[in-house]
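>>> from the sequence below, what's the structure:
(2 chains)
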2 protein chains.
Amino acid sequence: MRPFLDQARDLLARLVAIPTVSAEGRGLEEGARAVAESLEALGLRVEVVFGYGAPVVFAEGGEGEKRLLFYNHYDVQPPDPLELWESDPFRLEERQGAWYGRGSSDDKGEFVARVMALALFKEAHGFLPRVAFVVEGEEEVGSPHLESFVASFADRLRAEAIFWESGGVDAQDRPVAYAGLKGILAVQLRAKTAAYDLHSSYGAVVENPLYRLSRALASLRSEEGRVLIPGFYDRVRPLTPAEQEALEGIPDESEALRRAFGVQGFLGGVQGAEFYKKLLTEPCLNINGLHGGYQGAGSKTVLPASAFAKLDFRLVPDQEPEEVLTLLKRHLEAQGFHDLEVVPLEAGERPARSDLTHPFFALVRRALEEVYGVKPILYPNMAGSGPMHPFLHHLKAPAVGLGVGYPGSRVHSPNEHIRVRDFERGSLAILRVLERFFLGR
Amino acid sequence: MRPFLDQARDLLARLVAIPTVSAEGRGLEEGARAVAESLEALGLRVEVVFGYGAPVVFAEGGEGEKRLLFYNHYDVQPPDPLELWESDPFRLEERQGAWYGRGSSDDKGEFVARVMALALFKEAHGFLPRVAFVVEGEEEVGSPHLESFVASFADRLRAEAIFWESGGVDAQDRPVAYAGLKGILAVQLRAKTAAYDLHSSYGAVVENPLYRLSRALASLRSEEGRVLIPGFYDRVRPLTPAEQEALEGIPDESEALRRAFGVQGFLGGVQGAEFYKKLLTEPCLNINGLHGGYQGAGSKTVLPASAFAKLDFRLVPDQEPEEVLTLLKRHLEAQGFHDLEVVPLEAGERPARSDLTHPFFALVRRALEEVYGVKPILYPNMAGSGPMHPFLHHLKAPAVGLGVGYPGSRVHSPNEHIRVRDFERGSLAILRVLERFFLGR
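Sure, this is the predicted structure:
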């Protein structure tokens, strides 16, 4: 085998060069083909499955009684704002020990680490362990078809445990694994107050759509970030003792994060275990975009006729996206916002959290400690979302997230990257999990 | 002389073709030159004055003891959103008896009507009456240099009365004149909450700039449009009996406007005299634009690092822009918005209103009635803004707005236009004012 990192970089460069922007429907078939080829090269049997939105790459093979399943995705977030990138988002560039490009971390870099870990396993032990891959192309738009794919393929996906798409180290370089993901409901609010844009002087008597949206958004959240929609928290499941213990075991890096993000302080002034509780296990509302009226330089006085806002709610067990949408509509009606159009942007994802007392978590913790030389940190839940729920629901197996990122990876932002050293250790950690799982050592 | 309307259209086409977008600093010298040439062609002595921002075209000449001054501007609003224009905004197009193009109404069409009225006067009476023109190029960005121009040129601008830039007919085709304009303060609010865009899952603990702006904007206004900034109304001068009488003399076209604008109803449910009082003589707040985060198709979950809003306050006598800016800042501080950057976008304009009992208004009313065959309507004040204050202040003369537009002219919007018939009657009305003023008949 050629030097491990060179080979990895070549594969990652190939994948990053395909602009698989699912929000724009770009490059998806080409991306699926490239993923399929890299899995065939490992020696797996690969099917590119059509009929579930963007093609799903399903691969299986290897030897052993037990099986592990990898979940990844080949689609990426849109690269804008383009002007803030220091290099072409769709050309992998190595700078100062890091690989830059859209998807270098989320999730092409993670996928490549898994391919490399399997290649290393095969080279070291003479066989490929029994694994399967599901690599989808709609994760960044809420995986609208994955649930039906998992339901249809459930029998062929059976596994003792699932590797979730990503992971890495924390701000202090300690390895992190996680057992759950938030759900999500993405919604667009639209205000249309007139047939066409008017001279702004009519603002004295004609409603302004930006004012309507501002008032509506202000009604949804408190200063501390608490969602003010009645009933929103009713289904939030209390934390188990193991989850509470895991939360308390997370070293407090909130101050380092605060500095890295350049923020004055966190909502509600939280730090320590309270910070992690709020970030990881509480639902929240975020405004992804709000646009209306004049955007250019200088001043233009105009009364815009319409405006829109894109929101996402991050949900925790056992909140249901459909129900939250109903509660949101009911709240806006009750607040007098009959005029706002409320449109869900995606199907929504249910929250999911694995049972932290499952033995696979102990195995993963030992493997991580071996490779990184420090005790790993187990997050009961991540702040982000993903389609973990159908896997847990249909396969009745735990999912663990681990991988090659770090908190500065700028996932979903300009200048997304991974550090080469993180990639190396993350790949070796997956190798060690495979060895412990399949070889018992 | 070639047929009056052909000649007018040619001149207007020439002016519209020059994209004199002051907000972007485009085409201003070329626009000033074209204006200067058209005034020279009338027989006026023209100076293109530099040193006051965009070139100011000053022209004087003609015969008579008394003098009238015309104020116009050659700059226009930006044409966006371009996709809503049915023809090129910078190419005059005649469709169904109307002339379309950016500036066809505001203010190039008005300027051309005055040039044509003077040409008609000269042709009919054998001499050019004693007039002066001030045609500036920064009206659409708040005329930041006009006050100092008027102060410097005050002695050369002396006139018995001033024709303000525009006017026209109301929704029922009745001629309208006006005696005042609101002042304006345009402000940008900017929220920056982090060093860079973050994954939207951090919205659980990191502040969202769009939420900050939404809350701030919601705090500035009531549902009915009343500005909630303490002290905002303190300097609003009570209406005089003549002003109140003029307001009550305005026929109620609020329902026709409501239908034309496609709005459900007006703020506070006003109609009739209350509608005109609110629209014309009360100050207000408008949001011209609010932008931050993802703007594209579909869904992108991101926590933007910054966002901005562009506001304008329309002011009435005797509010002062500088003072309103101070009150706004004080309000935002008091509401806890220490984090918002507040930047005035323009120097601001003071409100102005002429004395309605001045005899020039009676003369104008008679001239309008002669041309249109119906009683004209006198607005004590318009809803829009303009740099009328320095003229009234320095020249101690009344200003009256009259011209060639109508309520559907889509001023500042896509598909701006004037109806050819309005242009014709508006030009003849100016001719009649000139005749009554200079010839006494």
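
>>> what bridges to the closest residue to A:Ala132 other than its chain neighbours?
Closest residue to A:Ala132 apart from its sequence neighbours, by C-beta to C-beta, 6 or more residues apart in numbering or on different chains: A:Glu60 at 4.3 Å. For glycine as for every other residue, the C-beta is placed from the backbone atoms N, C-alpha and C. Beta bridges link A:Glu60 to A:Arg45, A:Ala132, judged by DSSP bridges.

>>> any idea how far A:Glu60 lies from chain B?
31 Å (C-beta to the nearest C-beta, to the nearest Å).

>>> one more: A:Arg258?
Distance from A:Arg258 to chain B, by C-beta to the nearest C-beta: 9 Å.

>>> identify the residues contacting that residue.
With contact taken as C-beta atoms under 8 Å, 6 or more residues apart in numbering or on different chains, A:Arg258 is in contact with A:265-266.

>>> does the residue in the stretch 51-200 of chain A that chain B sits nearest to count as helix, strand or coil?
Nearest residue of the stretch 51-200 of chain A to chain B, counting by C-beta to the nearest C-beta: A:Ala195, 2.7 Å away. Classification of A:Ala195 using DSSP: H, G, I helix; E, B strand; the rest coil returns coil.

>>> local confidence estimate at it?
In the predicted model, A:Ala195 carries a pLDDT score of 96.

>>> I'd guessed it sits against B:Gln264; true?
No - A:Ala195 lies out of contact with B:Gln264 (C-beta atoms under 8 Å); the separation is 11.2 Å.

>>> give me the neighbour count for A:Arg425.
21 (other C-beta atoms under 10 Å in any protein chain shown).

>>> could I get the full set of strands for the stretch 201-350 of chain A?
A:284-293, A:302-303, A:306-315, A:341-344 (DSSP state E, counting those that start in this stretch).

>>> so which of the ones you listed is nearest B:Gly167?
strand A:302-303 (20.7 Å; C-beta to C-beta).

>>> picking up where we left off before, I'd guessed the residue nearest to A:Ala132 sits against A:Leu42; true?
No - the pair A:Glu60 and A:Leu42 fails to qualify as a contact (C-beta under 8 Å) at a distance of 11.3 Å.

>>> A:Leu42 versus the spatially closest residue to A:Glu63 that is not a sequence neighbour, what's the distance?
Leaving aside its sequence neighbours, A:Glu63 sits nearest to A:Phe127 (C-beta to C-beta, 6+ apart; 5.1 Å). A:Phe127 sits 12 Å away from A:Leu42, going by C-beta to C-beta, to the nearest Å.

>>> around the residue nearest to A:Val227 when sequence neighbours are not counted, how many other residues sit close by?
Spatial nearest neighbour of A:Val227, excluding adjacent residues (C-beta to C-beta, 6+ apart): A:Leu285 at 5.1 Å. Other residues lying near A:Leu285 total 25 when counted by other C-beta under 10 Å.

>>> and what of A:Pro387?
28.

>>> now for it: which residues touch it?
Contacts of A:Pro387 (C-beta under 8 Å, 6+ apart): A:136, A:139, A:142-143, A:146-147, A:349.

>>> go on, A:Ala347?
A:142-144, A:321.

>>> these: which ones sit near chain B?
Among the contacts of A:Ala347, the ones lying near chain B by C-beta under 8 Å from any C-beta of the partner chain are A:Gly142.

>>> who wins for most neighbours among the contacts of A:Ala347?
Those, ranked by neighbours (other C-beta under 10 Å): first place A:Ser143, 30 neighbours.

>>> hang on, it packs against A:Arg350?
No - taking contacts as C-beta under 8 Å, A:Ser143 lies outside contact range of A:Arg350: 10.8 Å.

>>> state the pLDDT value of the closest residue to A:Gly298 other than its chain neighbours.
Nearest non-adjacent residue to A:Gly298, counting by C-beta to C-beta, 6+ apart: B:Ala23, 4.1 Å away. pLDDT for B:Ala23: 90.

>>> check A:Met1 too.
50.

>>> of all of the stretch 1-150 of chain A, which residue lies closest to chain B?
A:Ala23 (4.1 Å).

>>> who in the stretch 1-150 of chain A is up against chain B?
A:23-24, A:77-78, A:80, A:84, A:140-142.

>>> neighbour-wise, give me the winner out of those residues.
Busiest of the residues of the stretch 1-150 of chain A next to chain B [other C-beta under 10 Å] is A:Gly142, holding 27 neighbours.
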